[in-house]
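Q: Would you be able to build a 3D model of this:
(one chain, ligands or ions: 1)
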Amino acid sequence: MSGSRTPMVAGNWKMFTTSGEGAVLIDHVQDVVSDVWDRVDVVVCPPFTGLKAASTIIELDHLRLGLGAQDVHWEEEGAYTGAIAPRMLVDLRCNYCIVGHSERREYFGETDETVNLKVHALHRHGITPIVCCGESLALYEAGKTEEFVRGQIRAGLAGLTAEQASALIVAYEPIWAIGTGHTPTPEKANDVARMIRATVGAMYGPPAAQAARVLYGGSVKPENASMFFGEPDIDGALVGGAALKADAFSDIVHAAS
Ligand code: PGA
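A: Numbers count the residues shown, from 1 in each chain. From the prediction side, this is the model:
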């Protein structure tokens, strides 16, 4: 990590937790991470149905916990059955939204083009996107990781203002590391994070590259978090499975502090 960027640890709860279960989890999380709130940006991303309860707890208890959704539609409103518009997330006081997670790309047809539409739609509404990228095992084994991820970044993050580029949060998540217990070495993950930063720099200039935060995601656990956070271009983590257990999530947050 670099001292000039505030670390971030975001929990992606995926399709787990009812709103009641989510409320209990937030209660536990606040108990165990509140001592580092001034040093780490901690974000929880419940399913859509849990956002209202989460937002209410965060507001009533004055928690310094960021709230994120896991997806959004890019249109303002319309006949898009099942979809959620950015202003609905604003209404629930979401500060963040995950975009382009590999599960959305694999199972729901997300592409770099829709990622870009969503990124712009979120910015129009003052929500910060957490943009995911990452290669498949086949691309990794073929040595094509950097080329592939660079393409995702160039297409997914096209057309931002300098200010938006400086607020960027990118999560590098090798698909083969998600939920598998396998991870790249911290050095390899940092190589990709550095390349992502360089690509942001080529697109938007050195100040944006310096300010943008690059998270690592994929089987981050209490046991390995500090190794990733020891790398200069990794500014935190996007955590799946371990974010569903307050103690494990807390250990990861503390490793970032
Ligand atoms: P994992 O998921 O931590 O369970 O590997 C990470 C993610 O998908 O964001």
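
Q: next one: phi and psi at H254?
A: phi -70, psi -30 (degrees, to the nearest 10).

Q: Would you mind confirming that it makes contact with R39?
A: No. The criterion here is Cβ atoms under 8 Å, and H254 misses it with R39 at 9.5 Å. All C-beta atoms are positioned from the backbone trio N, CA, C, and that covers glycine.

Q: mind listing what L65 touches?
A: With contacts defined as Cβ atoms under 8 Å, 6 or more residues apart in numbering, L65 is in contact with 26, 29-30, 33, 37, 42-44, 58.

Q: still on that earlier bit, between H254 and R39, which has more neighbouring residues?
A: More crowded of H254 and R39, by other Cβ atoms under 10 Å: H254, with 18 against 13.

Q: Next, count neighbours for the residue nearest to the more buried one when sequence neighbours are not counted.
A: Excluding the flanking residues, the one nearest H254 by Cβ to Cβ, 6 or more residues apart in numbering is V36, at 6.2 Å. Close neighbours of V36, defined as other Cβ under 10 Å, add up to 17.

Q: now the one 10 residues further on
A: Neighbours of P46 under the rule other Cβ under 10 Å: 28.

Q: For the closest residue in space to it that isn't next to it in sequence, give me phi and psi.
A: Nearest residue to P46 in three dimensions, chain neighbours excluded: G22, at 4.5 Å (Cβ to Cβ, 6+ apart). As for G22, its main-chain torsions (degrees, to the nearest 10) stand at phi -70, psi -40.

Q: May I ask you to confirm that G22 is in contact with F48?
A: No. Counting by Cβ under 8 Å, G22 does not reach F48; the two are 11.0 Å apart.

Q: The two: which is more packed in?
A: Remark: of G22 and F48, G22 carries more neighbours, 23 against 17, as counted by other Cβ under 10 Å.

Q: what's the overlap in contacts for H254 and R39?
A: Joint contacts of H254 and R39 (Cβ under 8 Å, 6+ apart) do not exist.

Q: And the helix or strand containing Q30, how far out from the chain middle?
A: Remark: Q30 resides in helix 19-33, with elements defined by DSSP states H and E. Helix 19-33 sits 19 Å away from the centroid of its parent chain (Cα atoms, centre = their mean, to the nearest Å).

Q: How about the contacts made by V40?
A: 6-9, 33, 236, 253, 256-257.

Q: Would you format the residues you listed as JSON lines with pLDDT included?
A: Formatted as JSON lines, the contacts of V40 follow (pLDDT from 0 to 100):
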{"residue": "T6", "pLDDT": "97"}
{"residue": "P7", "pLDDT": "98"}
{"residue": "M8", "pLDDT": "98"}
{"residue": "V9", "pLDDT": "98"}
{"residue": "V33", "pLDDT": "94"}
{"residue": "G236", "pLDDT": "98"}
{"residue": "V253", "pLDDT": "98"}
{"residue": "A256", "pLDDT": "98"}
{"residue": "S257", "pLDDT": "95"}
